[in-house]
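Trainee: 3D model of this:
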Amino acid sequence: MTARPHSLQSRLSLWFAAQTLFGLSVICFAIYLVTAWSFGQKQEEELNQKAVLVEHLLKEAEKGGDLVFLRHKLDDFFSMQDDVSLSISHAGKQLFQSSPTAGGRWMRRDLVVPWQQSGLTTQLQVQLGVNTAQEARLLERLAWTLLGAVVLGTALVSLTGMWLVRRGLRPLKALAQRTAAMAPDKANRPIDAMDFAEELRPWITQFNALLLRVQRAYVQLESFNADVAHELRTPLANLIGSTELALTRPRSNEELQTVLASNLEEIGRLSGIVTDMLFLSQAERGAPMRTRAVTSLAVQAGDVIDFYDAMLEEAGLRAEVKGDAMADVDAALVRRALFNLLGNAIRFAAPASTIRIEIGVESDDEFAVAVVNRGEPIDPAALPRLFERFYRAAQARDGSTRHHGLGLSIVEAIARMHDGRVFAASQGGETRIGFTVRRGGSD
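Mentor: Below you'll find the predicted structure:
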């Protein structure tokens, strides 16, 4: 199940609107609570003032003992205040009752006031009330006003936020347009990070680095394809030419066998190129070593010398191993690298000379394996290119096209699989080519 696409602009706008709604709601709710608390405090204070006044009037009436005078006083005072109610009773008998406006909301307070009459002390039940309808209406209006402010404020801020988010994301759109406008023939021109916001510069830097790696890989692949086509063209042309020549007229069995043998040689060359290309491709993809074991590098070198014994004898050469080291390596790969190095050395060694396979400590964590032969020196300008694919410095030296120029590239790949490196030097009549492996192998 694929994830639903989402818009960064929509998400930012939605979060901005939600934050605005929450913030305005909290502020308006706080305003409402503070206002309601203020009204409540005001009503409590008004009740306290009226209670003090009623108690004062009752004390004065108690001294004179004149209830009629008390009723007149209370009636004169409370008749002008429709928002205040007063009820005084004694022993269930109503002594005074004001006539405020009917309806509304009332905040009431019950008081018990001592009363002395004819030497006896009794209690008067007093009930005070304050009409809170006006404050309730004000609070209701305030609530609706604040609600409207929240809605309108959220809408206004959200629209403004959407505009700001869209404006803020313009650099991303500009960057997308810039990358979309990049033509394949201009892919090597990086994007100038200084033209964009600081937050985008790390991304642009990484994109430029990726673009550079892709460009290098493309150039390398293009060159590799051209080299492969060139290398395959010669054996294929030989196959086609020899076959066409054989078909021009009837041939004897001996002649056909000669043609087939020649074709088989060319097919073997093609097979070797394909096999080596496959190995290099796997090595570049990070293929691990098949097996690892602590082994003697001198033993592996001795096995390679034994394999080339007949070729060495035919060329009038000798080979010897100097030094040894125990390393955690893939023995088959190490032998393959030595096969390629020793094969090259046999081709270019001076007659009756001795080829040395030198094994020793290169650094604290590396062993070096080098094949040294005496012979015609290699041009210093060609040394850095020896390990390139299909590069043949030997062709200029002996005119040979029998070898396809992948041997030293394979040596470099094997060294890289062992976390090592390759090296080459040619001076004083000696050529030294080899590789290093780490003492502990690849992790």
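
Trainee: And the helices in the protein?
Mentor: Using DSSP state H, the helices found in the chain span residues 8-64, 67-78, 133-168, 170-180, 201-247, 253-284, 297-307, 309-315, 331-348, 393-398, 407-417.

Trainee: Compare the mean pLDDT across those helices and name the weakest.
Mentor: Ranked by mean pLDDT, the helices of the chain end with helix 393-398 at the bottom, a mean of 52.

Trainee: returning to that earlier point: quick one, which of the helices of the chain is nearest to Glu366?
Mentor: Among those, helix 407-417 comes nearest to Glu366, with 10.4 Å by C-beta to C-beta. Placement of C-beta: from N, CA and C, glycine included.

Trainee: Kindly calculate the angle that the closest one makes with helix 331-348.
Mentor: When axes from the mean of the first three to the mean of the last three C-alpha atoms, to 10 degrees is applied, the directions of helix 407-417 and helix 331-348 differ by 150 degrees.

Trainee: Against which helices or strands is helix 407-417 packed?
Mentor: Counting contacts by 3 or more C-beta pairs under 8 Å, 6 or more residues apart in numbering; DSSP states H and E, helix 407-417 is packed against helix 253-284, helix 331-348, strand 422-427, strand 430-438.

Trainee: and Thr431, which of the helices of the chain is closest to it?
Mentor: With C-beta to C-beta as the criterion, Thr431 lies closest to helix 331-348 of the helices of the chain, at 7.1 Å.

Trainee: buried ones in that closest one?
Mentor: Residues of helix 331-348 classed as buried: 331, 333-348 (neighbour count, 16 or more other C-beta atoms under 10 Å).

Trainee: Likewise for stretch 24-34?
Mentor: Those would be Leu24, Cys28, Tyr32, for stretch 24-34 by 16+ other C-beta under 10 Å.

Trainee: Equivalent analysis for stretch 355-370, please.
Mentor: Neighbour counts over stretch 355-370 (16+ other C-beta under 10 Å) mark Ile355, Arg356, Ile357, Glu358, Ile359, Glu362, Glu366, Phe367, Ala368, Val369, Ala370 as buried.

Trainee: quick check: mean pLDDT across it?
Mentor: 89.

Trainee: now stretch 98-110
Mentor: 71.

Trainee: Need the distance between the two termini of it.
Mentor: With C-alpha to C-alpha, to the nearest Å as the measure, the ends of stretch 98-110 fall 15 Å from one another.

Trainee: What is the neighbour count of Ala413?
Mentor: Look at Ala413: counted by other C-beta atoms under 10 Å, it has 23 neighbours.

Trainee: so it makes contact with Glu284?
Mentor: Yes - in this structure, Ala413 is within contact of Glu284 by C-beta atoms under 8 Å, at 7.4 Å.

Trainee: Quick one: the buried residues of stretch 24-34 as a markdown table, columns for distance to Asp110 too.
Mentor: Shown next, in a markdown table, are the buried residues of stretch 24-34 (distance: C-beta to C-beta, whole Å):
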| residue | distance to Asp110 |
| --- | --- |
| Leu24 | 42 |
| Cys28 | 36 |
| Tyr32 | 29 |
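
Trainee: quick check, nearest of those to Arg233?
Mentor: Among the buried residues of stretch 24-34, Leu24 lies closest to Arg233 (C-beta to C-beta), at 76.6 Å.

Trainee: how about the buried residues of stretch 355-370 in CSV, adding distance to Thr179?
Mentor: Listed next are the buried residues of stretch 355-370 as CSV, based on distance: C-beta to C-beta, whole Å:
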residue, distance to Thr179
Ile355, 55
Arg356, 55
Ile357, 52
Glu358, 52
Ile359, 51
Glu362, 45
Glu366, 43
Phe367, 47
Ala368, 46
Val369, 47
Ala370, 47
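
Trainee: Could you work out the most separated pair of these?
Mentor: The most widely separated members of those are Ile355 and Glu366, with 22.8 Å between them, by C-beta to C-beta.

Trainee: State the number of residues packed around Ile427.
Mentor: Check again: residue 427 is Gln, not Ile. Gln427 is flanked by 10 other residues according to other C-beta under 10 Å.

Trainee: The nearest residue to it once chain neighbours are set aside and Phe435: what is the separation?
Mentor: The spatially closest residue to Gln427, leaving aside those adjacent along the chain, is Pro377, at 6.9 Å (C-beta to C-beta, 6 or more residues apart in numbering). As defined by C-beta to C-beta, to the nearest Å, Pro377 lies at a distance of 21 Å from Phe435.

Trainee: quick one, which of the two is more surrounded?
Mentor: Per other C-beta under 10 Å, whichever of Pro377 and Phe435 has more neighbours is Phe435, with 28 against 16.

Trainee: what about the nearest residue to Ile359 once chain neighbours are set aside, how many neighbours?
Mentor: Using C-beta to C-beta, 6+ apart and skipping residues adjacent in sequence, the residue nearest Ile359 is Gly323, 4.0 Å away. Burial of Gly323 is recorded as 17 neighbouring residues (other C-beta under 10 Å).

Trainee: Please verify my assumption that Gly323 contacts Arg356.
Mentor: No - using C-beta under 8 Å, Gly323 is not in contact with Arg356; the gap is 9.6 Å.

Trainee: Which residues are in contact with the residue nearest to Ile359?
Mentor: Residues in contact with Gly323 (C-beta atoms under 8 Å, 6 or more residues apart in numbering) are Ala298, Glu358, Ile359, Gly360.

Trainee: any idea how far the last one lies from Gly429?
Mentor: When you say that, I think you mean Gly360. Distance, Gly360 to Gly429, by C-beta to C-beta: 21 Å.

Trainee: Mind checking which of the contacts of Gly323 are in strands?
Mentor: Among these, the ones falling in strands (DSSP state E) are Glu358, Ile359, Gly360.

Trainee: can I get those residues in JSON lines with distance to Glu266?
Mentor: What follows is the ones in strands among the contacts of Gly323, written out as JSON lines (distance: C-beta to C-beta, whole Å):
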{"residue": "Glu358", "distance to Glu266": "36"}
{"residue": "Ile359", "distance to Glu266": "37"}
{"residue": "Gly360", "distance to Glu266": "41"}
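
Trainee: out of the residues you listed, which one sits closest to Ala381?
Mentor: Nearest to Ala381 among those, with distances taken as C-beta to C-beta, is Glu358, at 25.2 Å.

Trainee: Please determine how far the residue nearest to Ala246 when sequence neighbours are not counted is located from Leu70.
Mentor: Distances taken as C-beta to C-beta, 6+ apart put Val259 closest to Ala246, at 4.5 Å, once the chain neighbours are dropped. Note on Val259: its distance to Leu70, by C-beta to C-beta, is 145 Å.
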